[in-house]
Each structure stands twice: as structure tokens, then as C-alpha cells.
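> next input, structure requested:
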Amino acid sequence: MWAMFADFSTRMLAPEVAMAVSYAVGVGVALTYIAAQSGAVSLAGSGVAFAVVGGLFSVIGSISYYAALKGGNRAIVTTVTVLYFVVAAVLGIVFLGKSVDVRDVAGIGLAVGAVVLLAT
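Reported below is the predicted structural model:
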């Protein structure tokens, strides 16, 4: 559903504006959810720094996604963007020493193959 509405929004708004409106709503929902939870909110430690860096990369990805929707095929654009787990897997292997087995490699290969099939 989110991809469909993102596509609709970029037909009438600049990609960065559509993304900003979408994020503003998301922030409002997240803050409401946090406020509804019991307990204190902690912003201590390096978690905040990691969240900020993650947010910066998220914004870069989102602007790229909305810009691609504006000029591309929604099915292909959305399929390519859901391959973020491939990047996460590679980063986990390279920087965090995570292991990968044959089934993981096969799954990643099939996902990349799906994108290739959709793009042709």
C-alpha cells in the first residue's frame, strides 16, 4: 500500500516534498506511540548517534526512492528498493563478522534474479 500511495504522491508533488510530508506523518505517529507507552524515554548513550546516522541514510534512501518513482516503473522501483537487506547482509558480513550459509546466498541470488526479471 505504501508504495502505491508514494507513487500517487509523486505524480502531484516533487519527490522531496512527498517524502517530507510522508516523514512528518511518520514522526507524528511515532511520537504518539512513544507517548502512549508506559515508562521513561531514555536518550542516553551512543544509541542516539547511531539513530541520527541511520536517519540520515534513511532520508537519502527515501529521497532516492521517491525520485525513482517519479521517473520509473513502480513495480521495478519498489522491487529494487526492497533489496536493502542485501546491502545489510553484506555490511553485516564485512563489518560485524556475521556468517552466511548456502541458503542465505541462494535467497539473495533469487531476490536479485527477481529484480533482473522484472526489469527486462
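
> in three-state terms, label residue 29 for me.
Following DSSP: H, G, I helix; E, B strand; the rest coil, the label given to residue 29 is helix.

> chain center to the lowest-mean-pLDDT helix or strand in the chain, what's the gap?
Least confident helix or strand, the chain: helix 74-81 with a mean of 80, by mean pLDDT, DSSP states H and E. Remark: helix 74-81 is offset 12 Å from the chain centroid, using C-alpha atoms, centre = their mean, to the nearest Å.

> in it, which residues are buried?
77, 78, 79, 80, 81 (16 or more other C-beta atoms under 10 Å). Glycine gets a C-beta too; all of them are placed from N, C-alpha and C.

> turn the residues you listed into TSV, columns for distance to residue 93.
As requested, these are exported to TSV (distance: C-beta to C-beta, whole Å):
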residue	distance to residue 93
77	26
78	25
79	23
80	21
81	21
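
> residues contacting residue 4?
Residues in contact with residue 4 (C-beta atoms under 8 Å, 6 or more residues apart in numbering) are residue 74.

> that one: which element?
Using DSSP states H and E, residue 4 sits within helix 2-12.

> could I get the CA-only coordinates of that helix as PDB?
Extracted C-alpha coordinates of helix 2-12, given in PDB (Å, rounded to 0.1, in the frame of the first residue of the first chain):
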ATOM      1  CA  TRP A   2       2.700   2.500   0.900                       C
ATOM      2  CA  ALA A   3       4.400   2.100  -2.500                       C
ATOM      3  CA  MET A   4       1.100   2.800  -4.300                       C
ATOM      4  CA  PHE A   5       0.400   6.000  -2.200                       C
ATOM      5  CA  ALA A   6       4.100   7.100  -2.600                       C
ATOM      6  CA  ASP A   7       3.700   6.700  -6.400                       C
ATOM      7  CA  PHE A   8       0.400   8.700  -6.400                       C
ATOM      8  CA  SER A   9       2.000  11.500  -4.300                       C
ATOM      9  CA  THR A  10       5.000  11.900  -6.700                       C
ATOM     10  CA  ARG A  11       2.500  12.400  -9.600                       C
ATOM     11  CA  MET A  12       1.400  15.700  -7.900                       C
END
